[in-house]
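Visitor: coords below, sequence missing:
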């Protein structure tokens, strides 16, 4: 049986086709559902293995990136999502989906920790290719230490913490750091432009302690072929297989 993905849709979502294509290319069956429909029937989640929130600018990001949809997800889907996760389901979101997950309290899901995503250090939208170093916390998806090239396209991608040094150590100790920005040599860096936003600890993505709630700012769904790469597979940005490997790893536990 193919993994079943429920992909959320709402006003302002604009990366849904890319995400759907990525999941389908990795072997999943994708169903799209509008937030209003799912709010009326949250139990629909019980028929799926993965719940995905695509990128975009939901509700125009008028109250901050992903804030309005995050409130809807938390208020109307929170209980059902907790049960979904408890049953073994996976929650995934790139870019605006990641912002929504953080602001809805799905990530990093550690008590008494304040986490948010705010304006890039450059104070404007950054659209550029980035390299992501895979942390041990998601070695069940991609090999730890490997590099996943992926485009970044965001204005509010800087991860900030309530008590920066203390909370960063806690995130690391609890195994909640999924990806960090790195340079062409694979060295983690917080320096621009390799890290396009200035995130603390060069963090590009977070994962729950279970390993099944995962979000990141860059877009792995936009790197599924050497033709997607800025150098068309010449070598500086990988060979174009890394994105599909990521999605296959994400679905692996549900492949039957």
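Guide: It's in. All values reported here derive from a predicted model rather than from experimental measurement.
Visitor: Can you name the residues that contact the closest residue in space to residue 16 that isn't next to it in sequence?
Guide: Computed as CB to CB, 6 or more residues apart in numbering, the closest residue to residue 16 that is not its neighbour in sequence is residue 54, at 4.5 Å. Placement of C-beta: from N, CA and C, glycine included. Shown in contact with residue 54 (CB atoms under 8 Å, 6 or more residues apart in numbering): 7-9, 13-16, 18-19, 93-94, 96-97.
Visitor: which one among those residues gets closest to residue 120?
Guide: Comparing the contacts of residue 54 against residue 120 with CB to CB places residue 96 closest, at 14.4 Å.
Visitor: For the protein, just list every one of the strands.
Guide: 4-9, 29-34, 50-52, 90-94, 115-118, 126-134, 147-154, 158-161, 177-182, 203-207, 213-216 (DSSP state E).
Visitor: Looking at the last one now, give me its mean pLDDT.
Guide: I take that to be strand 213-216. Here strand 213-216 scores 98 as its mean pLDDT.
Visitor: what do you get for the longest one?
Guide: Per-residue pLDDT values over strand 126-134 give a mean of 98.
Visitor: Could you list the buried residues of it?
Guide: 126, 129, 130, 131, 132, 133, 134 (16 or more other CB atoms under 10 Å).
Visitor: Just the helices from the stretch 1-150 of the chain, written as ranges.
Guide: For the stretch 1-150 of the chain, the helices defined by DSSP state H, counting those that start in this stretch occupy 16-25, 35-40, 67-72, 78-86, 96-103.
Visitor: what's the pLDDT at the residue nearest to residue 162 when sequence neighbours are not counted?
Guide: Nearest residue to residue 162, sequence neighbours excluded (CB to CB, 6+ apart): residue 114, at 3.1 Å. Residue 114 carries a pLDDT value of 96.
Visitor: OK, contacts around residue 114?
Guide: With CB under 8 Å, 6+ apart, residue 114 has these contacts: 161, 162, 163, 167.
Visitor: do residue 39 as well
Guide: Residues near residue 39 by CB under 8 Å, 6+ apart: 72, 76, 77.
Visitor: Going by distance to residue 33, which of those wins?
Guide: Of all these, residue 33 sits closest to residue 77, with 11.0 Å by CB to CB.
Visitor: and that closest one, how many residues sit next to it?
Guide: Counted with other CB atoms under 10 Å, the neighbours of residue 77 add up to 20.
Visitor: go on, residue 211?
Guide: Around residue 211 there are 17 residues (other CB under 10 Å).
Visitor: residue contacts, it?
Guide: Applying CB under 8 Å, 6+ apart to residue 211 gives the contacts 137, 138, 140, 141.
Visitor: One more pass at 6 Å, please.
Guide: Contact analysis of residue 211 by CB atoms under 6 Å, 6 or more residues apart in numbering lists residue 140.
Visitor: gap between it and residue 88?
Guide: Separation of residue 211 from residue 88 (CB to CB, to the nearest Å) stands at 11 Å.
Visitor: do you know how far the spatially most central residue of the chain is from residue 195?
Guide: Taking CA atoms, centre = their mean, the centroid of the chain lies closest to residue 215, which sits 2.5 Å from it. Note on residue 215: its distance to residue 195, by CB to CB, is 17 Å.
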